[in-house]
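J.: Sharing a model that was predicted from the sequence below.
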Amino acid sequence: MANKVIAFEEKLKIYYEEMQNQISRNFPTIIKAEQDGIHISQENYMMFANYLAALSNEFKSRFQDLRYIKNSLLLMENPWHLETTSVTQLASFGCDYAKIFDEYIEFKNDTSLEAIFKEKREGQEYNEFWRVVPEKYKHLQNCALLLLTLFASTYICEPSFSKMKYAKNIYRNRLTDSHLDDVLRIACTNYKPDLSQVVKKLSQYQKSH
């Protein structure tokens with residue numbers, strides 16, 4: 001989504017400049033109107049340009065945070081292309097910069113993980129890749145999983161409110177924010193946990209007879 005938003009902002013800038021110069025090559029409706037003999041006045045071109053300028057400013061305002069973390073999104077798409085200086089942006093997500101920095105230096109020089117990433121990337125299985133990342137990169141892994149779970153649209157965000165309302169009802173008055181966060185993560189994710197592995201990690205469990 002970030003790439004599409006930033007690309008659209010660049011298109012808006014070009015469209016605005018074309019309207020100011022009364023160039024209609026990217027506006028098929030205007031081209032069709034001119035072919036039909038309809039005159040587009042200078043005032044109309046300025047009106048279109050002002051509308052595009054307002055739309056561009058709205059995008060800049062709404063997605064300013066997205067532009068700030070653009071480089072850090074490479075941690076998901078291709079961590080080996082992420083500049084080391086961009087790791088500082090991850091601190092804005094509450095990540096420990098010193099630990100992230102040290103882990104990332106070791107991570108990007110881990111050739112075995114790079115081979116696994118290339119294999120997973122072909123199927124866009126980014127979640128699967130970060131699941132198999134070793135424990136020694138746990139802070140970097142947590143940051144990547146946080147980026148992967150950012151809401152990409154209001155469509156995904158809005159159903160979560162319904163799930164929160166269902167989970168945080170009047171009969172669960174002792175539900176803490178921490179527990180509510182855990183419940184919503186389970187309710188809003190498509191990830192299927194390996195329950196057999198979870199049970200094995202418990203100190204005591206009984207096998208069914």
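T.: Ah, there it is.
J.: From now on I want contacts and neighbour counts done on CA atoms only, so please keep to that.
T.: Noted.
J.: Domains of the chain: list them as residue ranges, please.
T.: If you go by automatic domain parsing, the domain ranges for the chain are 2-67, 71-148, 154-195.
J.: in the chain, which spans are helices?
T.: Using DSSP state H, the helices of the chain run over residues 2-20, 28-35, 42-62, 64-68, 74-77, 97-108, 111-122, 126-131, 138-148, 154-167, 177-188, 195-200.
J.: Please tell me how far the lowest-mean-pLDDT helix or strand in the chain is from the chain's geometric centre.
T.: Taking mean pLDDT, DSSP states H and E as the measure, the chain has helix 64-68 as its least confident helix or strand, at a mean of 71. Relative to its chain's centre, helix 64-68 lies at 11 Å (C-alpha atoms, centre = their mean, to the nearest Å).
J.: Output it as PDB - backbone C-alpha positions only.
T.: Output of helix 64-68 as PDB, limited to C-alpha atoms (Å, rounded to 0.1, in the frame of the first residue of the first chain):
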ATOM      1  CA  GLN A  64       2.900  11.900   6.200                       C
ATOM      2  CA  ASP A  65       3.800   9.100   8.700                       C
ATOM      3  CA  LEU A  66       3.800   6.600   5.900                       C
ATOM      4  CA  ARG A  67       6.500   8.600   4.000                       C
ATOM      5  CA  TYR A  68       8.500   8.800   7.200                       C
END
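J.: Who are the packing partners of it?
T.: For helix 64-68, the packing partners by 3 or more C-alpha pairs under 8 Å, 6 or more residues apart in numbering; DSSP states H and E come out as helix 2-20.
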